[in-house]
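In: Build me a model:
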Amino acid sequence: MKTDPTLAAPWRSASAARLAAPSLRFLAEPRPPQAATYGLAIKLENIGAEPTPVVYVIDDDAKFREALARIFRSVGLHVKVFGSAAEFLQIKLPDVPSCLVLDVRLPGLSGLDFQSELVRANIHIPIVFMTGHGDIPMTVRAMKAGAVEFLPKPFREQDMLDAVRAGIDRDRARRKIAGAVAGVRCRFESLTPREREIMTYVTAGLMNKQIAGETGLGEATVKAHRGSAMQKLRASSLAELVRMADALGLRPPAKR
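Out: Below is the predicted model:
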């Protein structure tokens with residue numbers, strides 16, 4: 001791997017490593033949670049220190065992947081390296097923010113085909129592609145499928161670190177959203193069947209009187225179920241209840 005003449009490799013220069021590490025250390029540090037993400041309120045309390053993110057490197061060149069591993073370790077990241085996509089599939093992914101650095105040309109399944117396999121398997125891990133034989137169609141395909149970056153070899157070490165940082169940030173945000181939705185889903189499961197039914201009507205925009213007409217219940221009963229559902233879901237407003245329904249993918253029942 002060729003290095004940028006303006007940036008000494010961390011394993012060759014201890015001073016360079018010390019200079020690079022402080023500015024990039026935030027890769028491995030938790031960031032304050034946002035108040036809301038994609039319209040879904042997220043309330044996080046008593047959060048401990050976030051586990052150190054993991055970078056996975058898949059490349060059939062052993063020396064090259066070990067060189068990358070040293071770069072990532074120099075900024076405090078955990079690294080796991082693999083010679084093929086098949087090797088990567090043998091492990092169980094830890095529940096921590098992560099990023100996959102993937103070579104396009106691999107023995108067996110190619111990097112681009114492996115990206116498609118991960119999507120089909122519902123494995124959402126940000127991918128930074130690298131290749132010595134890239135072209136525009138290949139880059140477009142990778143980026144359309146959700147890749148964070150597509151780096152041609154040789155690349156600057158800083159460019160790779162920046163791409164991995166972006167990937168880890170993306171995965172951190174996705175995990176927060178998934179955690180928030182999981183919490184809402186858990187509370188939704190505590191609702192009675194009638195409360196769930198009323199909630200779907202409410203979030204579809206129906207008034208209590210209209211819901212009463214649809215369900216055959218009294219308007220006061222509808223109001224009581226509505227209030228109970230909002231309390232169990234910890235929704236402070238109708239707008240928040242609608243956002244929860246959207247996150248859960250709820251749809252109003254078919255008209256009777």
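
In: Against Phe188, how distant is the spatially closest residue to Ser110 that is not a sequence neighbour?
Out: The shortest distance from Ser110 to any non-neighbouring residue, by C-beta to C-beta, 6 or more residues apart in numbering, is to Val104 (6.5 Å). In short, each C-beta sits where N, CA and C put it, glycine included. Counting by C-beta to C-beta, to the nearest Å, the separation of Val104 from Phe188 is 42 Å.

In: Would you state the helices of the protein in chain order?
Out: 14-24, 62-73, 85-88, 111-120, 136-144, 157-189, 193-203, 208-215, 219-233, 238-248 (DSSP state H).

In: Asp135: neighbour count?
Out: When neighbours are defined as other C-beta atoms under 10 Å, Asp135 has 9 of them.

In: For it, report the pLDDT, please.
Out: Looking at Asp135, its pLDDT stands at 75.

In: on that earlier part again, relative to Val128, which of the helices of the chain is closest?
Out: helix 157-189 (4.5 Å; C-beta to C-beta).

In: Could I get the buried residue list for stretch 56-65?
Out: By neighbour count with 16 or more other C-beta atoms under 10 Å, stretch 56-65 contains the buried residues 56-59, 64-65.

In: Adding pLDDT and distance to Glu117, write these out as CSV.
Out: Conversion of those to CSV gives the following (pLDDT from 0 to 100; distance: C-beta to C-beta, whole Å):
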residue, pLDDT, distance to Glu117
Tyr56, 97, 15
Val57, 97, 18
Ile58, 96, 13
Asp59, 94, 17
Phe64, 94, 23
Arg65, 93, 20
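
In: quick revisit: compare Val104 and Phe188 (neighbour count), which wins?
Out: Neighbours were counted for Val104 and for Phe188 using other C-beta under 10 Å; Val104 has more, 23 against 19.

In: Pretty sure that one sits against Asp135.
Out: No - between Val104 and Asp135 there is no contact under C-beta atoms under 8 Å: 10.0 Å.

In: ok, back up a step: weakest of the helices of the chain by average pLDDT?
Out: Ranked by mean pLDDT, these bottom out at helix 14-24, with a mean of 33.

In: What count of nearby residues applies to the nearest residue to Phe114 once chain neighbours are set aside?
Out: Sequence neighbours aside, Ala85 is the residue nearest to Phe114 in space, at 4.3 Å (criterion: C-beta to C-beta, 6+ apart). Neighbour count of Ala85, defined by other C-beta under 10 Å: 22.

In: From Leu100, how far off is Ala85?
Out: With C-beta to C-beta as the criterion, Ala85 and Leu100 are 10 Å apart.
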